[in-house]
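Novice: I would like the atomic coordinates for the input below:
(chains A, B and C)
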Amino acid sequence: MLRNWLIALVIAIIVIGAVAVAVIYRPAIDPLPAGQAPHFDTAMIAHGAELAAIGDCGSCHTASGGKPFAGGVAVPTPFGTIYSSNITPDEKTGIGRWSEAAFERAMQQGVARDGHLLYPAFPYDHFTHVTADDDKALYAFLMTRDPAESRTPANKLGFPFNVRAILAGWNLLFLHPGPIAEDSSQSAEWNRGRYLAEGLGHCAACHTPHNGFGAEDASQAYAGGSVIDGWYVYPIDDKSAAPVKWDAASLASYLKSGFAADHGAAAGPMAQVTAALGEASDADVTALATYVASKMQNASGKAPPAAAPSPPLTSGDSLAVPQLVKASADQGETIFATACSSCHTSGRPLPYGGVDFHLSTAISADSPQNAINMILFGLPAGATHGPIMPGFAGVLNHDQVVAVLGYLRKNFTGKPAWSDADKLVADTLSGATAVKTYSADGVERMPGAGDLRILP
Amino acid sequence: MSITLNVNGRDQAIEAEPDTPLLYVLRNDLELNAAKYGCGLGQCGACTVIVDGKAIFSCLTPVAVLEGKKIRTVESLGTVDKPGPMQQAFIENQAAQCGYCIAGMMMRAQALLEKNPKASDTEIRAALEPNLCRCGTHMRILKAVKRAGELMQQGQA
Amino acid sequence: MDDFADSNAISRRKLLGGAGALVVSFAIAPAMAQTPAPAATAPAAPAAPAADAGPTLPGALQQDPMLDSWIGITADGKVTVFTGKAELGQGVKTAIIQCAAEELELDPKSITLVTADTFRTPNEGYTAGSMSMQNSGTAVRNAAAQVRELLIGQAAKQLNVDPATLHAENGQIVGGNGQKLGYGAVVGNNILHVNAQPTSKLTPTKDFKVMGKPMPRVDIPGKVTGGQAYVQDMRLAGMLHARVVRPPSYKAVLADADTAGVGKLPGVVKVVRDGNYLAVIAQKEWQAIKAMRTLARSAKWTETPVFPEMAKLSDALKALPIEDGTVADSKTTATGVVKTYEAVFTRPYQMHGSIGPSCAVGQLKDGVTTVWTHTQGVYPDRDAIAQLLGVDKPKVHCIHTEGSGCYGHNGADDLAGDAALLAQQVPGKPVRVQHMREQEHSWEPYGPAMVTYFKGGIDANGKIAEWNYELWSNSHGERPGSAGQLISARYLSKPFPADVQKLKITPLGSGDRNADPGYTLPQKKVIWHFMKDDILRQSSMRALGAYCNVFSMESSMDELARLAGADQVEFRLKHLDDQRGRDVITLAAKNFGWTDWKPSPDRGRGFAYARYKNHACYLAIAVEVEVDKTTGRVRLVRANAGIDSGEIINPDGIKNQTEGGIIQSMSWTLFEGVTFDQTRITSVDWQSYPIARFADIPDSIDVAIVERPGAPFLGTGEGAQGPTSAAIGNAIRDCIGKRLTDLPLTRDKVMAALLA
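Specialist: Modelled structure (predicted):
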């Protein structure tokens, strides 16, 4: 009897083992011969560049001060820190010997050339929806970048997360490979936008909350609410707190150029995203915007103005409303008068004028975190056209920041005061909430920059 | 409005509207020359001073928030007869052309070195990014800041 | 405030009025044979007397030959040196003191230097064109040497010895027997009130104790310890603060403004409205700023679009009425051309971009309006202000007081005009007026936009056989002299008209500066298509036309070298006969390691050379750039320059100015251009007109100086502007394989070239 049980157990283990191996094991794909970089036509490379802009590969694969696409960026996750790999065509430390098939498999299944499973910090659960043709173009783009020798640091993951085999289980549960079916009730542009957003754009990777397995909670698609790199992720569904509702035009303007006249300028991780999208094709960005805006069509904001009013001519701060403050004014109002009003009430249009706070999502959102970040860290300068806002971290203490937040919330929105402002300000000032800041550097698409062409 | 500000180690009683930027109080009421008006917009750093150890733009800081905080300007770093390490380093390296931006540079560098006297060239460059120099004195400024760090460490040895 | 209104200092009036008792004797040591001066009269107005017809006097002595215009010595031995030049941050005060200290055998610390003051110093026009050492330095050096010999001669008389037994040392005349006479004891009455000689006994370079040494700048210690250094730092008793409200655009007309209401704001002393000119004067500075903002917000203007579309600027420039001038013409025909290069280059309007917006202090007292100003030219500014106020010139006193670096004609003169006007409103009280950042950005006269065209070719031997160059440009110079050159004057109810610009072809050039190539060429033709009409307000900016001309021509040289299959350095040497030019080229190339270059995909190297103004300093530069091919971002990685400025006064000053010029030119070249819509300037702050920040600064800059003992001074300040821009353009070409010809060389242009 026992012998039969034992035999059954052994068979079960072998079968489970075989299935597991079949699920986990991926064969290596042969490397390309050394020293033989493949050739690609210019049009395909250019198309790949536009697609890479949608995917924003650089955000994760280019370290600050590092060579483009050479990896080494630390991606914090609830399970530990994962370092992005080198995707330059360097033959020793990059993907220089990956065939097109190997690249496509990585995008579609999250498997490296040599067969090891990739962590979904690389959002292959989105990239799996990218068509083979687009993968070809992306491959052409990446393989024609400058090779850079750079070894990826080892991931900092504790047991069992450092055992890649468990990813096979994750994939079984959360990877839905293959294309997304078209929705025939929607326009071609909307469908294109969905293809881009759900695929290369991987917007949901930030904008959808994750579950305990580190996978997106599909029931809360685009509901936002998490904090990434110290920035509060806004809902981009019908819970959007934007005082003026986003529509396709305003969202396209924001994504392409990093600001929208009735909303504000991109800060935090969106600064990087919009910087990348600045290099994508206008048609694709419009499609993305069409799709994402449709998710916010029932949000509570005011209807966007019918025609964009022609902005007042540039005036600089000379026309700032001089706040003649009385000695008894509350501290928030005083601080606002000196520190904020010269840019924020000048009437100068975005992106160079400070946003009119009546339009600001940061002030209207459920969490004051982004407003705190802006007040403390501002928008750092870079030698390119772009908004510069000084940070006030050295100037205002905890109570003063809370006072300004209170003044802004009360004076510019009809919403109840934030209950957590005290704690969030304290955590940000102490560094308990670590905030990553981005300069406008690399964003060469603000008004004026593209005007500097006078060649006949 | 009457307000007491602690500037360069001394309490000073000032009469100023509460929304007056610190820059004008320093220059006009206290007759301190170092912090300068460059833009009034937080874009150039010529007005940089130190408040409670952090480098800030005095052109955008209302005096009303500064009660009880320690404000320091270049004048606190030394005098012509007894220059402090930062000033000595700038004189040694002749790190000025028109000199208008230099006081702001020095205070931003001072704030950095007080926290990190061994700051690397990369760290110094990053710290000074908010400050503009139009004459192109950057190479000498970097050398001077590095040297100031050495002098400050020697002073503490 | 004694620094600025130093009533105890020597004025030439006091000197001429006599500090001692005796009338000067004209029988001075015949060795010097100075031209005797007429008997001293009551304080002479500091006009420039004509020198005797005869040999030219050194430097600016030609315009101001009286020795005591330049050097004053009191009976107690205090030495004052006068110069008509101004400290702009380029170290000119220090350099001139070095010249005087050397020849007068004095400790530099004992010399008091008085700069550019219309009541006290020679009229040396503008501190511009890198001429300060050539003109003023030469004058001071020679005057000091001649004064030294005069003192020796006088001492010989007093001691009754042969002058050959005496020498000057440490402020004294010393004899072989140990006799010593202080300068004060020798100078007596008016012995310095004589005309200068054509030649002087100058100290040979090998004996230099002060000149040629890196003497530390006299002004830096004060600037780094919070000393009062700038016009912005002035605090005169009873001083009021003012702000102007500039019109929102060039042709704006003021319909209405709430002058009465603003007049009631706290601290406001006066609101000024004169036609389209609006200003406010208040007790405190912050009050003035708030009142200005209220006034500006209340003002109603009618505006007229006047600008072309920015994208069509080149066409708009070329469509203006044009007058052609020939800059150079070999009058030969090009022959044997086998390969040709042809290109159009463009440059937008670019800003001086002074970190400190322009400022001035004015005071009307006892019928004289004194203006403390950082103008580059106190005398011409004085003339303009006198015309503006409708008074005689002696009723206006302009005193140069440092501002932040101006790099040419910025808003300084305008603010001097504002200060003078506003001083009339509050007689007796000093008024300090300053631009806000946006006002300086919008109203300073820009370096003008230019279009250039090059067509040249090489022969079968790889030598240049054809060289045709044309430039379209404004005058590059709209400085006062006339009141109409001041912004305030144009908006008064009785406006002053701007000067009509005229085409001038001169050896040193203006818009055509450096358009005549310094290479030896069998055929060359250079034409200036001159436009007298401005689109945007323009005037002189560091290097003037040389920036764009050298960019265009050295970019073209680079292409011609490529056509010839030649090395960039060798190609230039092949066409350059001037040995001093060859020397800086060789030096820069060697220090860069030009022949050891190893290409890599994201790096490029570039070379350029020019002799500034074809007559001033020689500069060659080799650079390495890094190009990020994902963003198009270009960064200057390192630069090696070789410079020859003639006799060296202060080697550290030469290095400082050249390093600075390289970085500034890099900023212009990679980032800068004024932007505008059809009515207004839109680049009104550092967000919308970014300049280089620390992230853009190279890893290293090395400036090597060629020593030329005994050679004339050649100036330094503008030598780097043109060659640096071309070297960077050439390095980008080297890296990405495509040439950018449309300044500035921004990221989007690099990306467009990469993807094309």
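Novice: least trustworthy helix or strand in chain B by mean pLDDT?
Specialist: helix B:121-128 (a mean of 92; mean pLDDT, DSSP states H and E).
Novice: can you map out the helices along chain B?
Specialist: Assigned by DSSP state H, the helices in chain B fall at B:22-24, B:85-92, B:102-115, B:121-128, B:138-156.
Novice: contacting residues around the shortest one?
Specialist: The set of residues external to helix B:22-24 that reach it, using CB atoms under 8 Å, 6 or more residues apart in numbering or on different chains, is B:5, B:16, B:35, B:37, B:47, B:49, B:58-59, B:61-63, B:66, B:71, C:284-286. C-beta coordinates here come from the backbone N, C-alpha and C atoms, glycine included.
Novice: what's the closest of the residues you listed to residue C:223?
Specialist: Lowest distance from residue C:223 to the contacts of helix B:22-24 (CB to CB) belongs to residue B:35, with 12.9 Å.
Novice: doesn't residue B:27 make contact with that closest one?
Specialist: Yes. At 6.7 Å, residue B:35 and residue B:27 qualify as touching, with contact defined as CB atoms under 8 Å.
Novice: who's more crowded, those two?
Specialist: Between residue B:35 and residue B:27, counted using other CB atoms under 10 Å in any protein chain shown, residue B:35 has the larger neighbour count: 26 against 22.
Novice: Compare the helices of chain B and say which comes out lowest on pLDDT.
Specialist: Confidence, taken as mean pLDDT, is least for helix B:121-128 of the helices of chain B (a mean of 92).
Novice: Can you give me the buried ones in it?
Specialist: Buried residues in helix B:121-128, defined by neighbour count with 16 or more other CB atoms under 10 Å in any protein chain shown: B:124, B:125, B:126, B:127, B:128.
Novice: okay if I get the residues you listed as JSON lines plus distance to chain A?
Specialist: Compiled in JSON lines, the buried residues of helix B:121-128 are given as follows (distance: CB to the nearest CB, whole Å):
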{"residue": "B:124", "distance to chain A": "14"}
{"residue": "B:125", "distance to chain A": "11"}
{"residue": "B:126", "distance to chain A": "10"}
{"residue": "B:127", "distance to chain A": "12"}
{"residue": "B:128", "distance to chain A": "11"}
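Novice: Dump the residues you listed to TSV, plus distance to residue A:68.
Specialist: Below are those laid out as TSV (distance: CB to CB, whole Å):
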residue	distance to residue A:68
B:124	25
B:125	20
B:126	20
B:127	25
B:128	25
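Novice: now what about the lowest-mean-pLDDT helix or strand in chain A, what contacts it?
Specialist: Of all the helices and strands that make up chain A, helix A:2-24 has the lowest average by mean pLDDT, DSSP H and E, namely a mean of 79. Contacts with helix A:2-24, where a contact means CB under 8 Å, 6+ apart, come from A:117, A:165, A:168, A:169, A:171, A:172.
Novice: Show me which of those residues are buried.
Specialist: Taking 16+ other CB under 10 Å as the criterion, what is buried in the contacts of helix A:2-24 is A:117, A:168, A:171.
Novice: show me which of the residues you listed neighbour chain B.
Specialist: Among the buried ones among the contacts of helix A:2-24, not one lies near chain B by CB under 8 Å from any CB of the partner chain.
Novice: how about those residues in TSV, adding distance to chain C and pLDDT?
Specialist: Formatted as TSV, the buried ones among the contacts of helix A:2-24 follow (distance: CB to the nearest CB, whole Å; pLDDT from 0 to 100):
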residue	distance to chain C	pLDDT
A:117	28	93
A:168	34	87
A:171	31	90
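Novice: In helices only, show me those.
Specialist: Under the assignment DSSP H, the buried ones among the contacts of helix A:2-24 contribute A:168, A:171 to helices.
Novice: Out of the contacts of helix A:2-24, flag the one nearest to residue A:200.
Specialist: Lowest distance from residue A:200 to the contacts of helix A:2-24 (CB to CB) belongs to residue A:171, with 19.4 Å.
Novice: Can you tell me the closest non-neighbouring residue to that closest one?
Specialist: residue A:110 (6.7 Å; CB to CB, 6 or more residues apart in numbering or on different chains).
Novice: list the contacts for that neighbour?
Specialist: A:117, A:118, A:119, A:120, A:122, A:124, A:125, A:128, A:167, A:171, A:175.
Novice: next SSE after the one helix or strand residue A:133 maps to?
Specialist: Assigned by DSSP states H and E, residue A:133 belongs to helix A:132-143. Counting by DSSP H and E, the next helix or strand C-terminal to helix A:132-143 is strand A:156-157.
Novice: roughly how far apart are the residue of chain B most remote from its centre and residue A:335?
Specialist: Within chain B, the residue lying farthest from the chain centre (CA atoms, centre = their mean) is residue B:1, at 26.1 Å. Here residue B:1 is placed at a distance of 14 Å from residue A:335 (CB to CB, to the nearest Å).
Novice: cool, residue C:332 as well?
Specialist: 73 Å.
Novice: So which of the two has more stuff around it?
Specialist: residue A:335 (29 against 11).
Novice: just checking, that one touches residue A:400?
Specialist: Yes. Between residue A:335 and residue A:400 a contact is recorded at 6.3 Å, counting by CB under 8 Å.
Novice: intersection of neighbour lists for the two?
Specialist: With CB under 8 Å, 6+ apart as the test, residue A:335 and residue A:400 both reach residue B:65.
Novice: residues contacting the residue nearest to the spatial centre of chain B?
Specialist: Nearest residue to the geometric centre of chain B (CA atoms, centre = their mean): residue B:107, 2.5 Å. Residues in contact with residue B:107, defined by CB under 8 Å, 6+ apart, are B:34, B:35, B:48, B:49, B:50, B:55, B:72, B:73, B:74.
Novice: again, only this time at 7 Å
Specialist: When contacts are counted by CB atoms under 7 Å, 6 or more residues apart in numbering or on different chains, residue B:107 touches B:48, B:49, B:50, B:55, B:74.
Novice: Work out the gap between the least confident helix or strand of chain B and the centre of the chain.
Specialist: 16 Å (CA atoms, centre = their mean, to the nearest Å).
Novice: so what secondary structure elements neighbour that helix?
Specialist: Here helix B:121-128 touches helix B:102-115, helix B:138-156, going by 3 or more CB pairs under 7 Å, 6 or more residues apart in numbering or on different chains; DSSP states H and E.
Novice: Okay, angle between that helix and helix B:138-156 too, please.
Specialist: Here the directions of helix B:121-128 and helix B:138-156 differ by 110 degrees (axes from the mean of the first three to the mean of the last three CA atoms, to 10 degrees).
Novice: Not counting its own residues, what contacts helix B:121-128?
Specialist: B:105, B:108, B:109, B:112, B:116, B:142, B:145, B:146, C:694, C:695, C:697.
Novice: I'd say residue C:561 and residue C:570 touch.
Specialist: No. The pair residue C:561 / residue C:570 is not scored as a contact, 8.1 Å apart, by CB atoms under 7 Å.
Novice: quick one, which of the two is more surrounded?
Specialist: Shown here are residue C:561 and residue C:570; by other CB under 10 Å, residue C:561 has more neighbours (24 against 15).
Novice: Which residue, neighbours along the chain excluded, lies closest to the more buried one?
Specialist: Leaving out its chain neighbours, the residue that sits closest to residue C:561 by CB to CB, 6+ apart is residue C:571, at 3.8 Å.
Novice: Alright, calling it a day.
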